[in-house]
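*Asks:* quick one, what's the 3D model for this:
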Amino acid sequence: MNTPAHILVNLAVLGGGERWAYARPIAAGAVLCDLPMFLFFVWERFVEGASQAAIWGHAYFESGWQRFFDVFNSIPLALLGLLGALAGRRPGVALFFASVLLHSVLDLPLHHDDGHGHFWPISTWRFVSPVSYWDPAHHGAWGALLETSAVVVSCAVLWQRVERVWLRAALAALGSVQSLGWLLLYVVR
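*Replies:* As a prediction, this is how the structure comes out:
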């Protein structure tokens, strides 16, 4: 899933009721898993001067980068953080780690050959899903439709939780952009 989709879905799933006060840690947890990817891209593109093809076709799959990604997408580490936060009665920290965990779990069925070692440090095994959230060679249209549907439903749920006009406008824009993107990439083309 794309990072904005993770933010919206995680806020919709984890931010209900009194937990809405913790929207920032939930959003931060949704972003944390993908943060290494942004750092990787900036390093490879602007420091190393690599082309897009070299970045996504070679550098992404180097073992050092893969391990870096795995640390931030580790289900065992997220569970440890969640359990520690619950034991310490830190609801904001618990929701942050719950959001990291949800991000990782949602990524599992939507990554074909570009998934992470979600069980690091216990195992380096990678789940290879038959479905990709983006790759047409691996049912990308269906994966993207699933992601788009989750975004639209999440926007509808979040619409009920926010009252500010600018937030509702942002939700409408995000849902519309996601839907339009899916239509243009997989239906119209």
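
*Asks:* which positions in the helix or strand of the chain with the lowest mean pLDDT come out as buried?
*Replies:* Ranked by mean pLDDT, DSSP states H and E, the helix or strand of the chain with the weakest confidence is helix 165-182, at a mean of 85. For helix 165-182, a neighbour-count test (16 or more other CB atoms under 10 Å) marks 171, 174-175, 178-179, 182 as buried. Every residue, glycine included, has its C-beta placed from N, CA and C.

*Asks:* quick one: low-confidence parts of this protein?
*Replies:* Under the criterion pLDDT under 70, the flagged ranges of the chain are 188-189.

*Asks:* cutoff 90 now
*Replies:* When residues are selected by pLDDT under 90, those of the chain lie in 1-4, 16-21, 108-119, 123-149, 159-164, 166-168, 170-189.

*Asks:* in it, where's the longest helix?
*Replies:* Assignment by DSSP state H gives helix 140-161 as the longest helix of the chain.

*Asks:* what's the angle from that one to helix 165-182?
*Replies:* Relative orientation of helix 140-161 and helix 165-182, computed by axes from the mean of the first three to the mean of the last three CA atoms, to 10 degrees: 170 degrees.

*Asks:* check which helices and strands helix 140-161 is in contact with.
*Replies:* helix 3-14, helix 165-182 (3 or more CB pairs under 8 Å, 6 or more residues apart in numbering; DSSP states H and E).

*Asks:* can you say which of the ones you listed is nearest to Val128?
*Replies:* helix 3-14 (20.4 Å; CB to CB).

*Asks:* immediately after the closest one, which helix or strand?
*Replies:* helix 23-32 (DSSP states H and E).

*Asks:* which other helices and strands does that following helix contact?
*Replies:* Checking 3+ CB pairs under 8 Å, 6+ apart, helix 23-32 ends up next to helix 3-14, helix 91-107.

*Asks:* can I have it written out in PDB, keeping just the CAs?
*Replies:* The C-alpha coordinates for helix 23-32 follow below in PDB (Å, rounded to 0.1, in the frame of the first residue of the first chain):
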ATOM      1  CA  ALA A  23      -4.400  10.700  15.800                       C
ATOM      2  CA  ARG A  24      -0.800  12.100  15.600                       C
ATOM      3  CA  PRO A  25       0.900   9.000  17.000                       C
ATOM      4  CA  ILE A  26      -1.300   6.700  14.900                       C
ATOM      5  CA  ALA A  27      -0.300   8.700  11.800                       C
ATOM      6  CA  ALA A  28       3.300   8.600  12.800                       C
ATOM      7  CA  GLY A  29       3.200   4.900  13.200                       C
ATOM      8  CA  ALA A  30       1.700   4.500   9.800                       C
ATOM      9  CA  VAL A  31       4.500   6.600   8.300                       C
ATOM     10  CA  LEU A  32       7.400   5.000  10.200                       C
END
